[in-house]
Each structure stands twice: as C-alpha cells, then as structure tokens.
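**Student:** structure here, sequence nowhere to be found:
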C-alpha cells in the first residue's frame, strides 16, 4: 500500500517549506523527479517515493561524436 504524504508531513520532509511550488522544486532537486500536483497546489507524494534509494543521475548531454572521432 502506498500511503500518501500529508501536507503537514510534506512541510517536515522538505525542511519547512510551506508553499506547494517550493516543495515541488525541492522534490525535483532532492528526489530526482517532478511530482504531480494535487488540486490544493501541493505535490502528491507517497512514502515509497520518499524512502526509495536514490538512483544514479541520468546523463543530461549526448556525446559529441565529431570530437570523439
């Protein structure tokens, strides 16, 4: 079962951030994904997402084949 993080718990998880947009930026930066937003403007997050082990960051650039060749 994926228990949802409440708005009060979101404040604790994000280190005191109260605005939904700021919480979403924190989640994207710290947890590595963009969360969906609830109708009240706060991110929708489950405890499984909070407690998962971080994965290796994805590569943001492609190799420059002209330089490598």
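**Tutor:** Yep, that arrived. Just so it is clear, the structure is predicted and the values come from calculations on it, not from any experiment.
**Student:** and the strand or helix carrying residue 11, how far from the chain's centre?
**Tutor:** Here residue 11 sits within helix 7-13, counting by DSSP states H and E. How far helix 7-13 lies from its chain's middle: 14 Å, per CA atoms, centre = their mean, to the nearest Å.
**Student:** state the mean pLDDT of it.
**Tutor:** Mean pLDDT, helix 7-13: 95.
**Student:** got a list of contacts for stretch 21-33?
**Tutor:** 10-11, 14-15, 17, 34-35, 37, 41-43, 45, 49-50, 54-55, 57 (CB atoms under 8 Å, 6 or more residues apart in numbering). To be clear about C-beta, it is placed using only N, CA and C from the backbone, and glycine gets the same treatment.
**Student:** what's the average pLDDT for it?
**Tutor:** 93.
**Student:** spatially nearest residue to residue 45 (excluding sequence neighbours)?
**Tutor:** residue 5 (4.4 Å; CB to CB, 6 or more residues apart in numbering).
**Student:** let me see the contact set for residue 15.
**Tutor:** When contacts are taken as CB under 8 Å, 6+ apart, residue 15 is in contact with residue 26.
**Student:** pull out the buried positions in the helix holding residue 11.
**Tutor:** Residues 10-11, 13 are the ones in helix 7-13 that count as buried (16 or more other CB atoms under 10 Å).
**Student:** I figured the residue nearest to residue 45 hits residue 13, correct?
**Tutor:** Yes. Using CB atoms under 8 Å, residue 5 makes contact with residue 13 at a distance of 6.4 Å.
**Student:** tell me which helix or strand residue 49 sits in.
**Tutor:** helix 47-51.
**Student:** what residues sit buried inside that helix?
**Tutor:** Buried residues in helix 47-51 (16+ other CB under 10 Å): residue 49.
**Student:** for stretch 30-45, same thing?
**Tutor:** Neighbour-count burial for stretch 30-45 [16+ other CB under 10 Å]: 31, 35, 42-43, 45.
**Student:** mind checking which of the contacts of stretch 21-33 land in helices?
**Tutor:** 10-11, 49-50 (DSSP state H).
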